[in-house]
Each structure stands twice: as structure tokens, then as C-alpha cells.
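Predicted model follows, preceded by the sequence.
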There are 4 protein chains.
Amino acid sequence: MKSTDGVQYRRPRADSERNRSEILSQAEKHFTDHGVNASLETVARSAGVGSATLYRHFPTRDALLAELLQRRNVRIDEERARIKTVADSGVALEQWLDALESYFTAFDGLPEPLRNAFVEEHNPLALTCEGFVDYTEEFLSAAQRDGKASPTARGRDLFLAALAVSWVRDAALSDHSSPRRLRGLIANGYTRVSAAERS
Amino acid sequence: MKSTDGVQYRRPRADSERNRSEILSQAEKHFTDHGVNASLETVARSAGVGSATLYRHFPTRDALLAELLQRRNVRIDEERARIKTVADSGVALEQWLDALESYFTAFDGLPEPLRNAFVEEHNPLALTCEGFVDYTEEFLSAAQRDGKASPTARGRDLFLAALAVSWVRDAALSDHSSPRRLRGLIANGYTRVSAAERS
Amino acid sequence: MKSTDGVQYRRPRADSERNRSEILSQAEKHFTDHGVNASLETVARSAGVGSATLYRHFPTRDALLAELLQRRNVRIDEERARIKTVADSGVALEQWLDALESYFTAFDGLPEPLRNAFVEEHNPLALTCEGFVDYTEEFLSAAQRDGKASPTARGRDLFLAALAVSWVRDAALSDHSSPRRLRGLIANGYTRVSAAERS
Amino acid sequence: MKSTDGVQYRRPRADSERNRSEILSQAEKHFTDHGVNASLETVARSAGVGSATLYRHFPTRDALLAELLQRRNVRIDEERARIKTVADSGVALEQWLDALESYFTAFDGLPEPLRNAFVEEHNPLALTCEGFVDYTEEFLSAAQRDGKASPTARGRDLFLAALAVSWVRDAALSDHSSPRRLRGLIANGYTRVSAAERS
DNA sequence: CATGAATGAGGGTTCATTCAT
DNA sequence: GATGAATGAACCCTCATTCAT
């Protein structure tokens, strides 16, 4: 009963795509509202699928997260293209780090899994991280060539720094200046005393 | 100390202290082995008490953590006393930040609750944070007086910076250089180009 | 019934049914032995399932209770059908109230949750109560039509009365006559003095 | 020791009395606010004593309850004296039952322990129950002598009936008429059809 | 494959009763 | 005797992950 043999509707495929898409959409919503640790169960329910279905599509939370971020990459890619046109390589680097930080605050708690992925081999988010490290490296190199950045700095360091700043920002709801100030420290260091001050 | 004089009334407690102490001891062990999110249930079992007893002594995980840290404060207080004798205030500040970072790696995942406590009013860990901010402020002030630190820096910024570095270190098992490098960035900034380099 | 026709997909469940059934069976046992406040934890253990499974099937004790009673409804429905054939509507009403009281003593302490459900909107037992009120109303109406019952009585009153009698019976282990006598009071009132007595 | 010789401060007694009194006072408050199943722990805390102290004074919840009721007995005794002066013994009985029901609603959930005490031998509340049964018996006997009450009724039956009505009232927050109607049933029975109706 | 349900562990909490002092 | 704390059981609930179908 209920669909007798003969023609096979091949529903699976269609359903599958629809499910996957609905899961992503709901995950986006829940992660935005409740952070990256939102209940996957709830996400599945909202998407109208069983938890096992979610699990099949995205074996880990990070896999789901990776997909969500992938979709956002379009935006930051555009931003990156724009920054590339900035004449001053030092300013460009700065703007790129800004862009990174904005990206990292897409969901509450996002820095955490990214940090973990950074050191885990087979993490679905690792690719995302590596991409960002590469891009950072590019902007950094340009700045270094122009004497706008310390030659000892590395792309991965600045990536981690941006991540750390975002991590601080994650909790500093009541303290908007802290992330900005940490950002300043990373740019200029706390040991630097301006010429005016030194006098 | 427990009073040896003649009549002794008001015996403080007895097995209460024993239990409390045993709980702390087991918590220390489990937190050390499995990070700050180790199962409290297991801690209680290891200490030979029911979960209700643990709950009575430490209503939240953070309360337990606060006690554990309290015990470590002796160590860092000694360290702080030592650092205070360092002649160069810039070096002293550096060493203090080192000490902080060591402290923050006492347990895996410790930076997280500390960061949260930093912005939560009624968190048992808040006091710990505030104390550290104050101490950092002292070392920083001295360095600023001597022109060894930027006058715009604040104690709380450096505290958060140390926390952030420890957070990075938390995951960077395979990458020992990253925290050190992040530390360097915070000290000197990535925009500083040494005179030698500039030439 | 479970469909025996040719191809059968959408097998309803399998171990789900088994678990549910086992839970109900064990609950029946434990509630019978220890009253409606028996430990649900124990019920779950006896049924060989985790408490979460029990929770999934029956989110509250009342939900579980409602199911157990549902199963008994077959019996009382049969009884009701039988009583409907009784010629004397006054006798029928009496027998129905007897049946109700028997039903209410299925488990020790049952009257309590039923009473509560009676005034709570979203209680799983509320439906059960309402059903009984309706049936009582039917028997009562018939009796009233035949002048065998006071026209001012309402079904819900008699339902509550039966519940109250059962509540008394719940504790009156050593005093078998009390419930019967209370029953008599409700039927005839304590102010009625028979003609013989009046003479 | 502590308080040497001579005059013995006999603090124990004084403290004990004060504690006992404070416990009763707080129990009254909490039972009034949250019913007879209010947390004894909380009562003890409110009274400024340890739970063990409460336990020593009142080994069971019922013992505590019995004391609280004892204090209220003054009131109902006065009421009883007043009712005794009522000329019509039927009216007097009615008023006494009213008084009983008021008494039973002193605390939410009071009917339950009273019912239990009624059949338990060594329950501190048993005396209270017995007293009430006796008083009810007196009023009932008078009414029976005057042909105002059925000679087959017994004091204990009416006592239980009043208890049952109060039990119903305990939950019938949203349904004020139910207890009154149940009361009516017990007085007149549902089988009585008035002469006017019979015609 | 998709799925609903099961699972097991943990969390936080409350409480009546009993111990150690 | 009075006390603060311990105890152990229970409750309700949540979740990530894994089965059975």
C-alpha cells in the first residue's frame, strides 16, 4: 500500500536534497540564535527530519558548521577582492583582519571549533582555516614587502590572533572596548612607547 | 591551632572538612586529567560522597573551580613576590604575564570559564579574575612609569590578552610555537618593523 | 491487524512497542504493589530501559498513569454496557457508581491524581475524568427521568463523590465499613429519617 | 563546664523552648503558604535551627502538624461552645460540620494526613481525630434524638464525610460549587426527590 | 538511505532522615 | 541535647550518538 511498485518515485534523492537544505537553513537559524552549541536535536526537529538523518548528512557538528561557513565564504571572498584593491598594503592587512573577526562572530562560540580544527588533522573545518591562513599570508606578505609589517610575523599567527580576539569578543558583551583594545595590542604591542611619549 | 586550651566547645566540623578536602583533591585530579569539564558525578564518586554532598559544598562547577584555584594562589603569590624584586619593570611585567599564562593552563579549558566569569557579575571566579587584573595593573603601572610600556594599555587588557594566549595554547598541542608567537605579537605588535629591518 | 498483506514497509516500530509495552507492564506491577507514587526509576530499571526512554514515552507520571488506566477502560466499558441493560435506572446508577469506585481503587493513591487532573487543564488524566463524568451524567439523567434521583444532582458531583469515597477507602484498610457507609450517606443523606423511624 | 557550678543557667531549657516555639511559628507560616508538605528543611532554616533540631522536637511531620493543630483547637472549641447553644439540633449538627470543614482547610493538603491518622494506631494526629469524632458524635446524637438525623449514621462517618468534602475542596480551586454540592449530597443524598418534584 | 526511537550518561536539584561531633 | 553536614534516592530533563527496521 502507499505507492505500489511499478514506477519508483526515486523520492530518496529529491527528499535528500530538500532535507539537507532544510537542515542547513534551520541550523543557520539556531546557531545564530543560540550559538554553535545549539541542540542538534532541535535543529533536526525544526527541519522536520529525524536526528539520524541530520547525522547522516553531517556526521559531526563541525561538518554541519563547515557547510554553513562555506555558504558565507562568498561574502568574505567579495570582501577580500575589495581589500585587494586597497593601495596601502598595511591598511589592507588591517582590513582583512577586521573582515576575519567579523566572520568569526557569525555565531556565538564559533572561535572555539575553529581553534580546535586548526590543530586537528581530519576536521571538516580545517580546510576553512587553512584557506584563511593562506589569504592572511598573502596580505601579510604584501605588507611585509612594503615594510608595513614585521618580517617575523606569519600568516598563521595573525589568523590565530584574530581568532583569539574574536574569542574575547564572544564573551565581552558588556565590554565593547576590550576586543578593540586587544586588537590594538596585537597591532602595536604593549611595549611600544610612542616617540611623543618617550620624549 | 584548632584550640588546645582546656575546654573546647564549638568543634568546627570534622568529616565535613574531610569530605570537602577529598572532593577538592579528586576534582584536582579529574580536572587535571580531563579538563575543567570533567564529570562532577565521577568526582563525587571518586571522593566517596554522594552528588548531593558535592552540591552542598560547591553549588556550581565554577564554585568548585574557584576553590581549586584558590589553593593554587599560594604558588602564584610567591611567584608574584619574587617578580616584584626584579629590577627592570618591563621584564617584571613580562614575567608576570608568563606566570599568568602558566596559571591559566592549570587545567585544560580553564580560560573559558575565566573569560565568562570576567563578564558575569555573580560568578565565584570573578574575584579571582579581579585579583589578577589588579596585580597586572600594578606591574603595568610600574612599567609605564619607567617608559617600558605603552601608557594607553590597561591591566584588564593585558589580563585578557594573557587569557587569550592561554586559550590558544589550550588547543595548540601540536604547535608549541603559536602561543609564544602570539605572545610576541601582543608584546611588540605585528606592525613594528625593527630598525635593522627597515634599513 | 499489523498488516499481513504482501509487501509491508513502514513497519510501525518494533522495539519501541516492546519497550513501551514492557514499561507499562512493569508500571502496572509497581503501581499495584506500591501505589501510584512508586519510583519511576525503578519502573524503568525493571523494564530494562533507561529513564530517558521512559521519559520519552511518558513525559510525566500522569501520562503513564493515563495509559495504564486506558487499558483498564476496556473492562469498565464492558461493565458499563452490562449496567445499561439494568432495567431500574436507580439501580443502574448505583451499580455504575460502584464500578467507578472499584476502578478508582486500581492503585493505591489513584484518587489523588484524578482529583488534581479534574481541575487542571492540560493533564493527561483529564480526558479520563471527563469521560467518566459524561457516563455518570448519562446514568444520572436516566435516573432523574424516572424520579429515582434528585434533579439537582449533577454528573460531576457524583463523580467527585465516588472519588471521595475511594479516597476514604484508600486509607481505611482496617475499617471496611467506612467507605460503604459514606457511600450510603451520599445516596441517602444523613438527614433522612425513614418513615418507620419517624413513627 | 561552661557555666561553672552554683547557679545552672539551664540554657538548654530556655533555648529549647525558644527553638520549639520558633519552629512552630515558622511551620505555621510555611504550611499556610505551601501546604502541609512544605519542606521541613526550609522550616528549620527559617526558624534558625538545624534540621536535626526540628527532628528532635517533632520526630515526624505529623507530630509537628499535631502541635500546630492543637493550637488551633482553642478556636474550634469556642466555636463548638457557641454551636452548643443553638436550639435546633439539626442546625447545630450542620454548623458543626461546617466548622470541621473550615478547620480542615487550615492548610492545603491537611485532609490527607488526618485521613491516614484515622487508621493508624500510633499517629500523633490520631488524638485530634478522635476528639473530633467524639464531638461529632455528640452533635449527631442530639440530632438523632430530635429526629433530625438518621439513626444509622455514626459520628465517625460524618467526620470522614467532612474530611472527604475538604479533600475535594483542596483541589477544587476553580470550582467553588463542588464542595458545597458534595456537602449537600451527604446531607440529603442524591436519591431523595423532593415532594414537589415527585408530583 | 531515512527514520523514529533507544540509549546511557550527565546535570542540577530537592528532601527526609541519620551521623559525627 | 543541639547541630551542621552527610547521605542516598529520586526526579526531571537534555543531548550526542547509535540501533532496528
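Looks like it arrived, so ask away.

CA only for contacts and neighbour counts going forward, please
OK.

which stretches of chain A form helices?
For chain A, applying DSSP state H gives helices covering A:11-34, A:40-47, A:51-57, A:61-84, A:89-104, A:111-119, A:126-145, A:155-171, A:177-188, A:195-198.

quick one, which of those is nearest to chain C?
Among the helices of chain A, the nearest to chain C by Cα to the nearest Cα is helix A:40-47 (13.6 Å).

so what secondary structure elements neighbour that closest one?
Helix A:40-47 is packed against helix A:11-34, helix A:51-57, with contacts defined by 3 or more Cα pairs under 8 Å, 6 or more residues apart in numbering or on different chains; DSSP states H and E.

and stretch A:146-160, how far from the chain's centre?
Stretch A:146-160 sits 20 Å away from the centroid of its parent chain (Cα atoms, centre = their mean, to the nearest Å).

for stretch A:69-78, same thing?
Using Cα atoms, centre = their mean, the offset of stretch A:69-78 from its chain centre is 9 Å.

before we move on, what about stretch A:84-94?
Centroid separation between stretch A:84-94 and its chain, computed with Cα atoms, centre = their mean, is 21 Å.

For that stretch, buried residues please.
Going by neighbour count (16 or more other Cα atoms under 10 Å in any protein chain shown), the buried part of stretch A:84-94 is A:Lys84, A:Ser89, A:Gly90, A:Ala92, A:Leu93, A:Glu94.

My guess is the second one contacts A:Ala149. True?
No. With contact defined as Cα atoms under 8 Å, A:Ser89 and A:Ala149 do not form a contacting pair (9.1 Å).

Need phi/psi at A:Thr105.
For A:Thr105, the backbone dihedrals (degrees, to the nearest 10) come out as phi -100, psi 20.

I figured it hits A:Ser166, correct?
Yes. Using Cα under 8 Å, A:Thr105 makes contact with A:Ser166 at a distance of 6.5 Å.

Compare these two (neighbour count), which wins?
The neighbour count for A:Thr105 versus A:Ser166, taken as other Cα atoms under 10 Å in any protein chain shown, is higher for A:Ser166 (28 against 18).

Can you tell me how far the more buried one is from C:Val43?
49 Å (Cα to Cα, to the nearest Å).

Enumerate the residues of chain A near chain B.
A:115-116, A:119, A:147-151, A:153, A:157-158, A:160-161, A:164-165, A:167-168, A:171-175, A:178, A:181-182, A:185-194, A:198 (Cα under 8 Å from any Cα of the partner chain).

confidence score at the residue nearest to A:Phe139 when sequence neighbours are not counted?
Counting by Cα to Cα, 6 or more residues apart in numbering or on different chains, A:Leu93 is the residue found nearest to A:Phe139 once chain neighbours are left out, at 5.2 Å. The predicted local distance difference test score for A:Leu93 is 94.

need the contact list for A:Leu93.
The contact partners of A:Leu93, taken as Cα atoms under 8 Å, 6 or more residues apart in numbering or on different chains, are A:Thr136, A:Phe139, A:Leu140, A:Ala143.

redo that, cut-off 10 Å
A:83-84, A:86, A:99, A:135-144, A:148-149, A:158 (Cα atoms under 10 Å, 6 or more residues apart in numbering or on different chains).

Ok, A:Gln26 next?
A:Thr32, A:Leu40, A:Thr42, A:Val43, A:Ala44, A:Arg45, A:Ser46, A:Ala47, A:Gly48 are the contacts of A:Gln26 under Cα under 10 Å, 6+ apart.

For those residues, which ChimeraX command selects only the ones that are buried?
Only the buried entries of the contacts of A:Gln26 go into this ChimeraX selection, using 16+ other Cα under 10 Å:
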select /A:40,43,44,46,47
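
would CSV of the contacts of A:Gln26 with distance to D:Arg72 and pLDDT be doable?
Listed next are these as CSV, based on distance: Cα to Cα, whole Å; pLDDT from 0 to 100:
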residue, distance to D:Arg72, pLDDT
A:Thr32, 59, 93
A:Leu40, 57, 92
A:Thr42, 54, 91
A:Val43, 57, 91
A:Ala44, 58, 91
A:Arg45, 56, 89
A:Ser46, 57, 89
A:Ala47, 60, 89
A:Gly48, 60, 87
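
Need the contacts of A:Gln26 in TSV (columns: distance to D:Leu125).
Converted to TSV, these look like this (distance: Cα to Cα, whole Å):
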residue	distance to D:Leu125
A:Thr32	59
A:Leu40	54
A:Thr42	51
A:Val43	55
A:Ala44	55
A:Arg45	53
A:Ser46	55
A:Ala47	58
A:Gly48	57
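
A:Val36 is in contact with A:Glu112, isn't it?
Yes. Using Cα atoms under 10 Å, A:Val36 is in contact with A:Glu112, at 9.2 Å.

follow-up on the earlier one: any of the residues of chain A next to chain B buried? List them.
The buried subset of the residues of chain A next to chain B (16+ other Cα under 10 Å) comprises A:115-116, A:119, A:147-151, A:153, A:157-158, A:160-161, A:164-165, A:167-168, A:171-172, A:178, A:181-182, A:185-193.
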